[in-house]
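> Kindly return the folded structure for what I paste below:
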Amino acid sequence: MTYEQVVSKVKEKFAEADASKIDGVVALQINLEGKNTNGIFYIEVKDHSVNVEPYDYHDRNALVTVNPTNLLKLLDGKLDPVEAYNKGKVVIDGDAGAVLTVINLAK
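Predicted coordinates for the structure are as follows:
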């Protein structure tokens with residue numbers, strides 16, 4: 001899977017997300033690390049909608065480093081976020097609560 005395909009799949013996951021209960025801005029920068037899929041993009045919850053864009057996000061709540069397979073499993077609910085963090089499948093630098101908030105919007 002290419003970087004572009006991963007970003008596209010993440011956009012699809014959040015296309016129908018209900019962010020109406022999220023006030024303010026919650027932003028995650030995702031650092032993908034994997035074979036042929038290294039890259040950076042962000043997921044931003046703002047004005048009750050979710051945006052996914054292929055850019056750096058410097059004013060973020062958290063930086064998440066993950067491989068594409070585990071990212072998609074997290075967003076599909078097939079990988080428990082706490083277990084993934086504890087087993088080193090995902091590295092979070094910043095607000096882990098913000099990460100959980102965004103992941104839960106994808107389900």
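
> Every contact and neighbour count from this point should use C-alpha atoms.
OK.

> What residues sit buried inside the longest helix along the chain?
If you go by DSSP state H, the chain has its longest helix at helix 3-14. For helix 3-14, a neighbour-count test (16 or more other Cα atoms under 10 Å) marks 3, 6, 7, 10, 11, 13, 14 as buried.

> what's the nearest residue to the last one if we skip its chain neighbours?
Yep, that's residue 14 we're talking about. residue 106 (5.5 Å; Cα to Cα, 6 or more residues apart in numbering).

> between the buried residues of helix 3-14, which is nearest residue 21?
Distance to residue 21, by Cα to Cα, is smallest for residue 14 among the buried residues of helix 3-14, at 14.8 Å.

> isn't the closest one right next to residue 105, touching?
Yes - the pair residue 14 / residue 105 is scored as a contact, 7.2 Å apart, by Cα atoms under 8 Å.
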